[in-house]
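Student: Build me a model:
(one chain, ligands or ions: 1)
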Amino acid sequence: MSRLIVVSNRVSMPTPDAAQGGLAVALQAALREAGGLWFGWSGRTVEEFNGSVSFEEIDGVRSATVDLEPQDVEEYYNGFANRTLWPLFHYRIDLAKYNRSFGSGYERVNKRFAEPLHVMIEPGDTVWINDYHLIPIASQLREHGVKNRIGFFLHTPWPPTRLLVSLPYHERLVRTIFAYDVIGFQTEEWLESFLHYCVNELGGSVDGEYVTVDDMTLRAVVCPIGIDFKNFLQASTTKAAQDLSERMRVSLRQLSMIVGVDRLDYSKGLEERLNSFEHYLNKHEEAHRSVVLIQVAPPSRGQVEQYQHVREKLNEMAGRINGAFAEVDWTPIRYVNRGYSRDELTALYSAAKVGLVTPLRDGMNLVAKEFVAAQDPEDPGVLVLSRFAGAAAQMKEALIVNPYAPEEVADAIHRAMTMPLAERKRRHQALLEGVRTQDVHWWREKFVNLIEETPHTEPAE
Ligand code: ADQ
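Tutor: Residues are numbered from 1 along each chain as shown. Here you go, the predicted structure:
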């Protein structure tokens, strides 16, 4: 069996007590089985980059990390990855910053990663690169003579061609993708956008799953990520989960709860969500003193101005709406700026009658799947899901909404709140089946198999 090498911006190693995302858990399981290695940035900085690698082994998983210079972090991570590509890939060209130094920092760090990485890759290893931070790394590895199979999975959307061409040197970036053997997307929509670009901007041609540009061929597939379903169910039985369940029961009493759980990110549509909830309160007097929205949103990427703006805006909105509607014994929005462990999240989700997942654009959105997994099948809550989340392509039995239309979302909240039990059960059962069977282990097995069965071909000389 070939060894698996996983590469991502940050490495998330197993720790006995830390809350772990589904992605980390799935990749760790794959690495443990295949005896592989996880490579990425340590999260630390050094004055001068030296390419030295720190190895660590925890619970059968081996990691290799390198430190970066502060300038690298600023230009590559806070710069090109999070100020340029993230907004652009979420269709927000109005927020994307195109400083040249970001682009050169991005290329420099990808080169810096490729140097120690190529030395570690042995013949027969399968290499799996994750996400938009590392798009050009395969082309760097090829320059070092790496002939292994290399796959790339994009966790975010791929933007429409008309938006992508606003990126200076877009062609240069996309051409580097042809150094991979396989590229995976969350949905058909992102795959189609990618192929559209290849055909219309690069003069490529598509034959089934294969796309060819000049003498370079790439297999492009859809492979939607899932959650670690079994692990998630187990998390709901822990003491932390049960303690929070009890606290929720006491604090909610007769209140019906709506839950939102997101990183504080403009792509998650949080301002629009609060606006929709305000519409709901305006239209439904009966919800006053009987409904509460719990929105959990821990700050992320705090070095980037737009994240500071969205945070200020949400503080202001939550305060204003609460000020306008609250009574001495009721506050409509509980806005919480901290993260919760996975165990505690299961308790939050299961206490809710409605899950509000309304991003303006999202590669997949795992919260939608976690909410479904946490529901009691005999009395399930209802998922209200944005049509612009990748998850909507799979989760058709949710109440699908346009997050830009506050009245529509408000109506969906009302419909979810008043939905008869039989309909809730029917919708939940169908959703649960998908979440259970297409879980994160299904996803990584499918993607690793795709890389392993796709032969590596060198471009003709
Ligand atoms: P994210 O944008 O981070 O991920 P998402 O998939 O919703 O988005 O969440 C990832 C995880 O973070 C979930 O497991 C969730 O429970 C956890 N999380 C979110 N908010 C939290 C909170 N307040 N407290 C604790 N945990 C919280 C990117 C893409 C997504 C894609 C994933 C995986 O943007 O579209 O689904 O990668 O591919």
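
Student: Strands of the stretch 201-350 of the chain, residue ranges please.
Tutor: Using DSSP state E, counting those that start in this stretch, the strands of the stretch 201-350 of the chain run over 205-207, 210-213, 216-222, 256-261, 291-296, 333-336.

Student: try the stretch 1-150 of the chain
Tutor: Taking DSSP E, counting those that start in this stretch, the strands of the stretch 1-150 of the chain run over residues 4-10, 37-45, 54-58, 61-68, 126-130, 149-153.

Student: Would you give the sheet partners of the first one, along with the direction of each?
Tutor: Okay, so that is strand 4-10. Partners of strand 4-10 in the sheet, by DSSP bridges, are strand 37-45 (parallel), strand 126-130 (parallel).

Student: now the fourth one
Tutor: Paired neighbours of strand 61-68 in the sheet (DSSP bridges): strand 37-45 (parallel), strand 54-58 (antiparallel).

Student: So for Leu383, which of those sits nearest?
Tutor: strand 37-45 (32.3 Å; CB to CB). C-beta: built from backbone N, CA, C; applies to glycine.

Student: near the ligand, which residues of this protein show up?
Tutor: Within reach of the ligand by CB under 6 Å from any ligand atom, the chain has these residues: 21-23, 155-156, 225, 261-263, 296-298, 339-340, 345, 362-367, 370.

Student: Domain map for this protein?
Tutor: Using automatic domain parsing, the domains assigned to the chain come out as 4-226+441-453, 229-437.

Student: Which single residue of the stretch 51-200 of the chain ends up nearest the ligand?
Tutor: As assessed by CB to the nearest ligand atom, the ligand sits closest to His155 within the stretch 51-200 of the chain, at 3.6 Å.

Student: Next: the stretch 201-350 of the chain.
Tutor: For the stretch 201-350 of the chain, CB to the nearest ligand atom, closest residue to the ligand: Gly339, 3.5 Å.

Student: if we can go back for a sec, now that we have the strands of the stretch 201-350 of the chain, can you turn them into a markdown table and tack on mean pLDDT, mean neighbour count and distance to Gly60?
Tutor: Listed next are the strands of the stretch 201-350 of the chain as a markdown table, based on pLDDT from 0 to 100; neighbours: other CB atoms under 10 Å; distance: least, CB to CB, whole Å:
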| stretch | mean pLDDT | mean neighbour count | distance to Gly60 |
| --- | --- | --- | --- |
| strand 205-207 | 98 | 11 | 41 |
| strand 210-213 | 98 | 17 | 36 |
| strand 216-222 | 97 | 19 | 29 |
| strand 256-261 | 98 | 22 | 30 |
| strand 291-296 | 98 | 22 | 32 |
| strand 333-336 | 97 | 18 | 35 |
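
Student: what would these look like in CSV with distance to Tyr404?
Tutor: Output for these, formatted as CSV (distance: least, CB to CB, whole Å):
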stretch, distance to Tyr404
strand 205-207, 32
strand 210-213, 32
strand 216-222, 25
strand 256-261, 16
strand 291-296, 18
strand 333-336, 20
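
Student: What is the burial count for the closest residue to the residue of the stretch 201-350 of the chain closest to the ligand other than its chain neighbours?
Tutor: Using CB to CB, 6 or more residues apart in numbering and skipping the chain neighbours, the partner closest in space to Gly339 is Pro298 (3.9 Å). Using other CB atoms under 10 Å, Pro298 is surrounded by 13 other residues.

Student: got a pLDDT number for Pro298?
Tutor: pLDDT, Pro298: 91.

Student: Next, the contact list for it, please.
Tutor: Applying CB atoms under 8 Å, 6 or more residues apart in numbering, we find Pro298 in contact with 263-264, 337-339.

Student: which of the residues in stretch 49-57 are buried?
Tutor: Neighbour counts using 16 or more other CB atoms under 10 Å place 49, 53 of stretch 49-57 among the buried residues.

Student: Same question for stretch 130-146.
Tutor: 130-142, 146.

Student: got the end-to-end distance for it?
Tutor: In stretch 130-146, first residue to last residue: 18 Å (CA to CA, to the nearest Å).

Student: Next: stretch 358-374.
Tutor: 18 Å.

Student: still on that earlier bit, can I get the domains of the chain in a markdown table with distance to Pro459?
Tutor: A markdown table is the format used below for the domains of the chain (distance: least, CB to CB, whole Å):
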| stretch | distance to Pro459 |
| --- | --- |
| domain 4-226+441-453 | 5 |
| domain 229-437 | 29 |
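
Student: Can you name the two of the buried residues of stretch 130-146 that sit furthest apart?
Tutor: So, those by CB to CB: farthest apart are Tyr132 and Val146, at 20.9 Å.

Student: So which of the strands paired with strand 4-10 is nearest His196?
Tutor: That would be strand 126-130 among the strands paired with strand 4-10, by CB to CB, at 22.7 Å.

Student: and the closest one, how far out from the chain's middle?
Tutor: 17 Å (CA atoms, centre = their mean, to the nearest Å).

Student: Poorly predicted segments of the stretch 1-150 of the chain, please.
Tutor: 1, 14-22 (pLDDT under 70).

Student: so Asp329 makes contact with Arg289?
Tutor: Yes: using CB atoms under 8 Å, Asp329 and Arg289 qualify as a contacting pair, with a distance of 7.2 Å.

Student: of those two, who's got more company?
Tutor: Per other CB under 10 Å, whichever of Asp329 and Arg289 has more neighbours is Arg289, with 15 against 6.

Student: Next up, the contacts around the residue lying closest to that one once chain neighbours are set aside.
Tutor: Spatial nearest neighbour of Arg289, excluding adjacent residues (CB to CB, 6+ apart): Trp330 at 4.5 Å. Contact analysis of Trp330 by CB under 8 Å, 6+ apart lists 255, 288-289, 292.
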